[in-house]
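Visitor: sequence and predicted structure, then a few things I'm wondering about:
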Amino acid sequence: MIDVIINSASATLIGAGSIFILIGALGLVRLPDFYTRMHAAGVTDTLGAELLLLGMMLQAGLSLVTLKLILISLFIFFTSPTSTHAVANAARVMGLRPLSGSKNILTSKENT
Amino acid sequence: MLIAATTALLIAMVLTLFRAIAGPSLFDRVLSANSFGTKIVLLIGLLGFLTGRPDFLDIALLYALVNFVGTIAILKFFRYRNLGLSSDEIASREDTQ
């Protein structure tokens, strides 16, 4: 009985995680601007990765494997916002302007 | 469910590679390389569970570390054109800019 509950919960988490990863990748292709694409990539790193790792943790049970999964998810949880911020900061410093509003469409087209 | 998640990850990796190849600016490429690395970590973990060899998670952990350091190194190189700068030299360059 417990096995069925744990297996279905794990399948739900893994399914939700892969849906979020697909949405993030689709946004990475479809969105118009670097800063909006960064927004889409964040979905993959936070919700997608954490949900998938949680689902795998439920499948693994209590063992060393779970500890490794917790380490991976903690590491992704801390480093992915850091690297996203670094990319955004570098883009801003090196002069990439965000696509914003109808007023700036002409100037932002020059940049692309 | 593991097979479905692996398929979804592979499709997402193809889309991410498309952005890495097509992306107009450098930062699009760096962003999608970083995202690709996260997806590779997840794929290695899932493959470990699919084949019944969870030892693959060690490789996934190592890959997560290398991915983060690589992203920061690429950004530092393209900003300062030099990987060996100390923090003092970086501070002096920031003042002159």
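Guide: Right, received. Where do you want to start?
Visitor: give me every residue that touches the closest residue to A:Thr44 other than its chain neighbours.
Guide: For A:Thr44, ignoring the flanking residues on the chain, the nearest one in space by C-beta to C-beta, 6 or more residues apart in numbering or on different chains is A:Gly24 at 3.6 Å. Where C-beta positions appear, they are placed from N, C-alpha and C, glycine not excepted. Residues near A:Gly24 by C-beta atoms under 8 Å, 6 or more residues apart in numbering or on different chains: A:40-45, A:48, B:12, B:35.
Visitor: what segments of the chain are strands?
Guide: Using chain A here. For chain A, no strands are identified by DSSP state E.
Visitor: low-confidence stretches in it?
Guide: For chain A, the stretches with pLDDT under 70 are A:100-112.
Visitor: repeat that for 90
Guide: Scanning chain A for pLDDT under 90 picks out the ranges A:1-3, A:31-48, A:59-65, A:81, A:89-112.
Visitor: ok, B:Ser25 touching A:Asp33?
Guide: No. Between B:Ser25 and A:Asp33 there is no contact under C-beta atoms under 8 Å: 10.0 Å.
Visitor: more neighbours, these two?
Guide: Higher neighbour count among B:Ser25 and A:Asp33: A:Asp33, with 18 against 15, using other C-beta atoms under 10 Å in any protein chain shown.
Visitor: find the residue at the geometric middle of chain B.
Guide: For chain B, the residue nearest the mean C-alpha position is B:Asn34 (2.8 Å; C-alpha atoms, centre = their mean).
Visitor: flag every buried residue along the strand or helix carrying that one.
Guide: Following DSSP states H and E, one finds B:Asn34 within helix B:26-50. Using 16 or more other C-beta atoms under 10 Å in any protein chain shown as the test for burial, helix B:26-50 gives B:26-49.
Visitor: name the SS class of the residue nearest to A:Val65 when sequence neighbours are not counted, please.
Guide: Computed as C-beta to C-beta, 6+ apart, the closest residue to A:Val65 that is not its neighbour in sequence is B:Pro54, at 4.4 Å. Three-state assignment for B:Pro54 (DSSP: H, G, I helix; E, B strand; the rest coil): coil.
Visitor: what's the burial count for B:Pro54?
Guide: 20.
Visitor: with B:Leu9 instead?
Guide: Based on other C-beta under 10 Å, the number of other residues close to B:Leu9 is 24.
Visitor: from chain A, how far off is it?
Guide: 6 Å (C-beta to the nearest C-beta, to the nearest Å).
Visitor: contact partners for the nearest residue to that residue once chain neighbours are set aside?
Guide: Using C-beta to C-beta, 6+ apart and skipping residues adjacent in sequence, the residue nearest B:Leu9 is B:Leu43, 5.1 Å away. Neighbour list for B:Leu43: B:6, B:9-10, B:13 [criterion: C-beta under 8 Å, 6+ apart].
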